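> turn this into a model:
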Amino acid sequence: MASRKPLISGNWKMNHTHLDAIAVVQKLAYSLGPADYERAEVSVHPSFTALRSVQTLLDADEVPIALGAQNVYPADSGAYTGEVSPVMLAKLNVRYVIVGHSERRQLLGETDGMVNQKLVAVLGHGMSPILCVGETLEEREAGTTEAKVLGQLKADFEGVSPEAAAKVVIAYEPIWAIGTGRTASPDDAQAVCKAVRAWVGEAYGSELAGRTRVQYGGSVTPDNVAELMAQPDIDGALVGGASLDAERFARIARLGHQAD
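The predicted model follows:
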């Protein structure tokens with residue numbers, strides 16, 4: 001993991017007004033220091049209504065936190081009421097865009113075909129996708145975790161060149177662990193993240209696989225992040241509820257890079 005700088009990402013989901021978001025980022029910036037940013041990259045993913053406010057704060061104060069978005073529509077413009085295009089995000093200096101989160105797959109019916117289109121759109125505008133993959137509890141109990149995850153990867157990377165694939169961050173998020181307080185054991189998380197990296201190696205070569213960052217997500221807290229991040233194939237965390245509080249998220253970012 002020494003050659004892969006950890007990426008600790010806070011997915012705020014449908015939480016925080018733009019005023020709340022400003023306050024959280026200010027506290028987060030105060031809590032983290034140069035040594036933290038040197039050893040781990042940190043991104044925050046506010047709601048669309050808060051992106052501009054957070055971007056202005058980060059730029060004005062030169063805060064080394066990356067701005068991220070939670071979703072995107074795979075068209076530059078058009079008659080898509082309520083959607084946000086990759087052009088709009090890129091103009092806000094968004095660096096990372098979450099695609100394929102299980103909540104969008106499960107609740108909003110996003111298919112792998114749609115996820116693939118979003119992945120390609122994000123890459124086409126110079127941003128990096130954080131691609132989420134993961135299995136349900138039923139799939140885990142049936143022993144089909146690896147088949148589900150690798151199937152998602154194959155479909156979601158369809159038509160993506162090696163040069164573009166190098167910019168993709170992959171987040172393994174077991175669906176049964178998201179927002180439930182249940183977390184995959186470090187060994188279980190490592191096994192799937194290792195399989196993810198092996199798939200990248202088969203699809204794009206060992207050199208790119210060695211550089212690809214694989215996050216773990218699913219009820220990550222300050223209490224479990226260090227043990228998860230100590231695994232050789234886990235290079236960061238996609239954090240949900242615990243990222244809403246600046247102090248807790250700062251602790252996660254700090255403990256996450258101490259594991260290396």
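> from here on, contacts and neighbour counts on C-alpha atoms
Noted.
> which parts of the stretch 101-250 of the chain are strands?
Remark: strands assigned in the stretch 101-250 of the chain by DSSP state E, counting those that start in this stretch are 128-133, 169-172, 214-217, 236-239.
> most tightly packed of these?
The highest mean neighbour count among those, using mean count of other C-alpha atoms under 10 Å, belongs to strand 214-217: a mean of 30.
> pull up the pairing partners for that strand, direction included.
Strand 214-217 pairs in its sheet with strand 169-172 (parallel), strand 236-239 (parallel), by DSSP bridges.
> as JSON lines, the ones you listed with distance to I8 would be great.
Putting the strands paired with strand 214-217 into JSON lines (distance: least, C-alpha to C-alpha, whole Å) gives the following:
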{"stretch": "strand 169-172", "distance to I8": "11"}
{"stretch": "strand 236-239", "distance to I8": "5"}
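> which of these sits closest to A189?
The closest of these to A189 is strand 169-172. By C-alpha to C-alpha, the value is 7.9 Å.
> mind listing what R182 touches?
Under the criterion of C-alpha atoms under 8 Å, 6 or more residues apart in numbering, the neighbours of R182 are 176, 218-219.
> rerun at 7 Å
S219 (C-alpha atoms under 7 Å, 6 or more residues apart in numbering).
> and the closest residue to T136 other than its chain neighbours, how far from S219?
Closest residue to T136 apart from its sequence neighbours, by C-alpha to C-alpha, 6 or more residues apart in numbering: I175 at 5.1 Å. Going from I175 to S219 by C-alpha to C-alpha, to the nearest Å gives 10 Å.
> ok, the two, which is more surrounded?
In this view I175 and S219 are compared by other C-alpha atoms under 10 Å, and S219 has more residues nearby, 24 against 21.
> which residues touch the nearest residue to A184 once chain neighbours are set aside?
Leaving out its chain neighbours, the residue that sits closest to A184 by C-alpha to C-alpha, 6+ apart is A177, at 6.9 Å. By C-alpha under 7 Å, 6+ apart, the residues touching A177 are 183-184, 218-219.
> make TSV out of these and add distance to E202.
Formatted as TSV, those follow (distance: C-alpha to C-alpha, whole Å):
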residue	distance to E202
T183	28
A184	25
G218	26
S219	30
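> looking at the residues you listed, which is nearest A21?
So of the contacts of A177, ranked by how close each gets to A21 (C-alpha to C-alpha), first place is S219, at 20.9 Å.
> from memory that closest one sits against G179, does it?
Yes. Using C-alpha atoms under 7 Å, S219 is in contact with G179, at 5.7 Å.
> could you check how far the nearest residue to T221 once chain neighbours are set aside is from V220?
Spatial nearest neighbour of T221, excluding adjacent residues (C-alpha to C-alpha, 6+ apart): A242 at 6.0 Å. Plainly put, A242 is 7 Å away from V220 if you go by C-alpha to C-alpha.
> these two: who's more crowded?
V220 (27 against 21).
> the more buried one contacts G241, correct?
No. Applying C-alpha under 7 Å as the test, V220 and G241 come out as separate, 8.4 Å apart.
> remind me, longest helix of this protein?
Longest helix in the chain, counting residues (DSSP state H): helix 186-204.
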